[in-house]
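Asker: What would the 3D arrangement of this be:
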Amino acid sequence: GIDTSHGGRHALATIYFDLGVAFKTEGEMSYGVEAYNESLNLNPDYVMSLVNLGNAFVEMGKTDEAIGYLRRATELGGNDPQVWYSLGNCFVRSGDRERGVKAYEVALDKIEGDERARAMILRQIAKFG
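Answerer: Reported below is the predicted structural model:
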């Protein structure tokens with residue numbers, strides 16, 4: 001049978017996360033969303049599933065839905081610059097440039113040693129700030 005222990009649930013969550021990435025890559029966004037949701041059903045604190053689900057909703061133009069997932073991701077994975085960058089993108093797409101720039105600035109503060117990523121975020125700040 002399926003391992004439903006804590007570790008087993010986390011392993012299954014990772015499989016569903018990977019499926020979500022694969023579906024999104026193939027342009028099957030609705031299946032990707034379904035897979036990310038299943039990943040979160042198995043592990044509600046899976047930061048990258050929260051981020052990717054939020055990003056999928058942003059791409060679908062559903063920024064109101066995305067913000068909740070991305071904020072939760074910042075609460076759980078607040079030191080990851082990608083989480084803050086995704087939140088910034090969501091705010092900008094929703095029309096809230098001020099909050100978007102603030103999230104980009106947090107992302108910038110959390111990046112260490114990756115000058116390309118820093119340059120990319122600085123361009124976003126310049127564009128929307």
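
Asker: which stretches of this structure have low pLDDT?
Answerer: Residues of the chain meeting the criterion pLDDT under 70: 1-6.

Asker: which residue is nearest the middle of it?
Answerer: Val51 (1.6 Å; Cα atoms, centre = their mean).

Asker: doesn't Ala66 make contact with it?
Answerer: No - applying Cβ atoms under 8 Å, one finds Val51 not in contact with Ala66, separated by 9.9 Å. (C-beta placed from N, C-alpha, C; glycine too.)

Asker: Quick one: residues contacting the residue nearest to the centre of the chain.
Answerer: Residues in contact with Val51 (Cβ atoms under 8 Å, 6 or more residues apart in numbering) are Tyr69, Leu70, Ala73, Gly77, Gln82, Val83, Ser86.

Asker: how many other residues sit next to the closest residue to Tyr104 other than its chain neighbours?
Answerer: In space, and not counting its chain neighbours, Tyr104 is closest to Gly88: 4.1 Å by Cβ to Cβ, 6 or more residues apart in numbering. For Gly88, the neighbour count with other Cβ atoms under 10 Å is 27.

Asker: Correct me if wrong: Gly88 contacts Leu108.
Answerer: No - counting by Cβ under 8 Å, Gly88 stays clear of Leu108, with 9.7 Å between them.
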